[in-house]
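A.B. asks: This is the structure alone, sequence omitted:
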DNA sequence: GTGACAAGCTGTAACGTTTCAGTATATTGC
DNA sequence: GCAATATACTGAAACGTTACAGCTTGTCAC
């Protein structure tokens, strides 16, 4: 307290957003005390604490994110990393809303970090980690051996994956039980007399491709049905490709009499292909499809559907990441969503 | 340079992310010089500038966002404000990717700020502005008298709206020409002999409701067709509501023989309603619908569609906001996207 | 009465950046 | 030869926050 010390600013002049200094001035306390009072530190008197919090609420104090971030490194940001080309449309929308629901009452913001086909999927993750841009990350399209998960695990940054990995490493995830889905679909088709089944699977490389294929084949042998190979296309292929391939296979004499489809948009293509071949859904062939919004029954009432709730997935993923950030055990933040029944169309009255 | 001055840190110890100080140490320059050299300030020698930039690139220097934000108030964030319940699904996905494309080579991050039915739409905007959380904002569902736009205009925060307003205030926007869409749809229907047309419009209250209705009615009188009132539902209503209402109207003797629908999902409901009434698309009635992804033709090949590109909208909106932030005239950042032709189904070969 | 200790509060420094007000050296005008 | 000026650089301060190391004051043990 020797020289300068311009008596700081006069607090009353600029009416800009209130800071700790403003609060300190108003309460007559020190900035440090105010800071601690706001976070319920134990060494602050109970009355002081209440007084500070009251004033803070009154004048609408909001901590400056940049200040906190600079000082502590905490960003209060969750990043959702998405593939710009391959992501299912309703997935993007629903998962964002699911995440939003959960972080709504937290100080967290959601930033969307996209990457495109051409890029290494690790790129956006590296960016996030290197620049410390997020406290937690959500990734989709998990792979059995997922370099992104491995990378983040090494750097110790909290994340959650949509879909499981298979590297013997434990981390939070949320997944839909695609094994159960495929198996249930096969059983249902077998139950209505279908015996030669084709599977439109998720792209090879993603973990749930394996789950789906296993559920499919296991159930096939369980019910004694046979598989019609259909693995030259996946749900990542274009509508046109799937449609043409379906039409092709449906024109063969040993054509399938049942399909299991892992995505709604792809199902539209399958149906188109079936009809291109001059066959009729529900008579010549049945299709069980996953869907994430209730639209397939409008499309063709003969379709059989199983619902997957992406909004729920978003919420679960957000909860997992926040849990990990909050210090919970990664292993306790894993969840699996069971498919509901295969549902056939019921005429609304 | 009297007391303390602990010779700062030894720069070589912690290998954390490089900062200006790191660069200053490596180049032997002052922090200020480095800062200026990196932003091509004129008072820095050409060689020094190149040297600093070289080193910065080599060691992968990235400015610390919190530091910049704290000092300058610049967040390098664009916020996309979305309604959690009412937003069209493909809209969310496409617009995000559209925005992402544009901001990919900029320092900007995209944060998604959702709000729900129950909230005042102004809430999220107020939050963003009050906390200074974004340099620019994108909002959708513009209204003729839009309190959000007015609010942001008053505070001077750059934004762009998806859809136009009608308050005599100028601000950036991107819009699809829904007047032209509806008019074109009517003309097309009239061209194939349809005379009693119904419009499934956007929700009242949004600006493009008016545009659509005007285009519809203007073209009706132009071609001498008549309107079958259908304004008890809008595209914001549930599939079931639209479906029932459609079935109702289709069972009347003066039923429409043509529909114009402003959204793809709603079109599914209209078709379902038509079929509920025992009528056949393409024979008893034709439907022209907007769509944002190429799916309606798979649904019913008789459907007539007009494409609206939401990804483009996202890109345009992002460009507008960035332009405004960059100092361009708001009035020069407005764009209108013209609808393509009404397209009927063409059998892929 | 003194020492120890706890309770409650405070100032300073630091996070990384940019801005402001310089300083040192070279160049020019005359 | 010297002032004026331009060039190229620099340190200190500030943005808002939290961590650290204090500082008072009061209470209690003995």
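C.D. replies: Sure thing, it's come through. In this text the structure is predicted, and so the values were computed from the model without any measurement.

A.B. asks: can we go C-alpha only for contacts and neighbour counts from here?
C.D. replies: Fine.

A.B. asks: Please give me every residue in contact with whichever residue of chain A sits closest to chain B.
C.D. replies: Closest approach between chain A and chain B, counting by CA to the nearest CA: residue A:111, at 4.2 Å. Contact analysis of residue A:111 by CA atoms under 8 Å, 6 or more residues apart in numbering or on different chains lists A:77, A:78, A:79, A:80, B:109, B:110, B:111, B:112.

A.B. asks: Same question for residue A:208.
C.D. replies: Shown in contact with residue A:208 (CA under 8 Å, 6+ apart): A:142, A:143, A:163, A:164, A:178, A:202.

A.B. asks: again with residue A:261
C.D. replies: Counting by CA under 8 Å, 6+ apart, residue A:261 makes contact with A:199, A:200, A:201, A:235, A:267, A:287, A:288, A:289, A:290.

A.B. asks: Show me the domain layout of chain A.
C.D. replies: A:20-63, A:72-174+A:311-337, A:178-307 (the TED database).

A.B. asks: So which residues of chain A form helices?
C.D. replies: With helices called from DSSP state H, chain A shows them at A:20-27, A:31-38, A:46-59, A:65-72, A:89-103, A:122-130, A:147-155, A:178-191, A:207-223, A:239-250, A:264-276, A:296-299, A:310-325.

A.B. asks: Export these as a markdown table, with columns for mean pLDDT.
C.D. replies: Shown next, in a markdown table, are the helices of chain A (pLDDT from 0 to 100):
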| stretch | mean pLDDT |
| --- | --- |
| helix A:20-27 | 94 |
| helix A:31-38 | 95 |
| helix A:46-59 | 94 |
| helix A:65-72 | 97 |
| helix A:89-103 | 95 |
| helix A:122-130 | 97 |
| helix A:147-155 | 97 |
| helix A:178-191 | 98 |
| helix A:207-223 | 98 |
| helix A:239-250 | 97 |
| helix A:264-276 | 96 |
| helix A:296-299 | 92 |
| helix A:310-325 | 98 |
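
A.B. asks: So which bits of chain A are right by chain B?
C.D. replies: Residues of chain A that fall close to chain B, judged by CA under 8 Å from any CA of the partner chain: A:17, A:62, A:64, A:66-67, A:69-70, A:84, A:89-90, A:92-94, A:97, A:100, A:109-114, A:130-131, A:265, A:268-269, A:272, A:295, A:298-300.

A.B. asks: Generate a ChimeraX selection restricted to the buried subset of the residues you listed.
C.D. replies: Typed into ChimeraX, the line below selects the buried ones among those, using 16 or more other CA atoms under 10 Å in any protein chain shown:
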select /A:64,66,67,69,70,84,89,90,92,93,94,97,100,109,110,111,112,113,114,265,268,269,272,295,298,299,300
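
A.B. asks: Near DNA strand D, list only the ones from the residues of chain A next to chain B.
C.D. replies: Restricting the residues of chain A next to chain B to those within reach of DNA strand D (CA under 7 Å from any atom of the strand) leaves A:17, A:62, A:64, A:66, A:67, A:70.

A.B. asks: Residue B:308: which of those residues is nearest?
C.D. replies: Nearest to residue B:308 among those: residue A:66, at 38.9 Å, using CA to CA.

A.B. asks: what's the closest one in contact with, if anything?
C.D. replies: So residue A:66 contacts B:66, B:67, B:69, B:70 (CA under 8 Å, 6+ apart).

A.B. asks: Find the nearest non-adjacent residue to it, please.
C.D. replies: Of all residues not flanking residue A:66 in the chain, residue B:66 sits nearest, at 4.8 Å (CA to CA, 6 or more residues apart in numbering or on different chains).
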